[in-house]
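**Q** Generate coordinates for the sequence data below:
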Amino acid sequence: QVRLVESGGGLVQPGGSLRLSCAASGFTSGILTMSWYRQAPGKERELVASITLVSGSTNYADSVVGRSTISTDNAKNTVYLQMNNLKSQDTAVYYCHALRRSIDYWGQGIQVTVSP
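**A** Numbering: from 1, shown residues only. The predicted model follows:
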């Protein structure tokens, strides 16, 4: 089992920045990728960014390219999502995801609200 705990969400003004953290615990060896997804009210959950741990290669949704950076601290088993120039459209519940041995693991989600 892999446990994922998100932190760092909250209320931020448009144009502001936020860094989300996701700490993984349990059987963390063998995790292939870690990702951030988000789900806005009335919308489907969508991929925001992902990182392959072995290669460090990253992938971003078009809507956040140039504004967001996903990174990891392997010593802390933590993945981060730095988001800049936040827009109201970024308001959503953000979920941390890990893929390990073909099994998906999800965090409980954390709210990010972008509002004046």
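**Q** Do you have the strands of this structure handy? List them.
**A** Read by DSSP state E, the chain holds these strands, from start to end of the chain: 2-7, 10-12, 18-26, 31-39, 46-52, 58-60, 68-73, 78-83, 92-100, 103-106, 110-114.
**Q** what about residue 101, distance to residue 39?
**A** Taking CB to CB, to the nearest Å as the measure, residue 101 and residue 39 are separated by 25 Å. For glycine as for every other residue, the C-beta is placed from the backbone atoms N, C-alpha and C.
**Q** one step back: next, format the strands of the chain as a markdown table and append mean neighbour count.
**A** Listed next are the strands of the chain as a markdown table, based on neighbours: other CB atoms under 10 Å:
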| stretch | mean neighbour count |
| --- | --- |
| strand 2-7 | 18 |
| strand 10-12 | 13 |
| strand 18-26 | 18 |
| strand 31-39 | 21 |
| strand 46-52 | 18 |
| strand 58-60 | 16 |
| strand 68-73 | 17 |
| strand 78-83 | 22 |
| strand 92-100 | 21 |
| strand 103-106 | 13 |
| strand 110-114 | 17 |
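**Q** Redo the ones you listed as TSV? Include mean pLDDT.
**A** Conversion of these to TSV gives the following (pLDDT from 0 to 100):
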stretch	mean pLDDT
strand 2-7	97
strand 10-12	97
strand 18-26	96
strand 31-39	96
strand 46-52	97
strand 58-60	97
strand 68-73	96
strand 78-83	97
strand 92-100	97
strand 103-106	97
strand 110-114	98
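**Q** which residue is nearest the centroid of this structure?
**A** residue 36 (2.7 Å; CA atoms, centre = their mean).
**Q** gap between that residue and residue 58?
**A** In this structure, residue 36 and residue 58 are 11 Å apart, going by CB to CB.
**Q** Tell me what the residue nearest to the centre of the chain is bridged to.
**A** Assessed by DSSP bridges, residue 36 has beta-bridge partners residue 49, residue 96.
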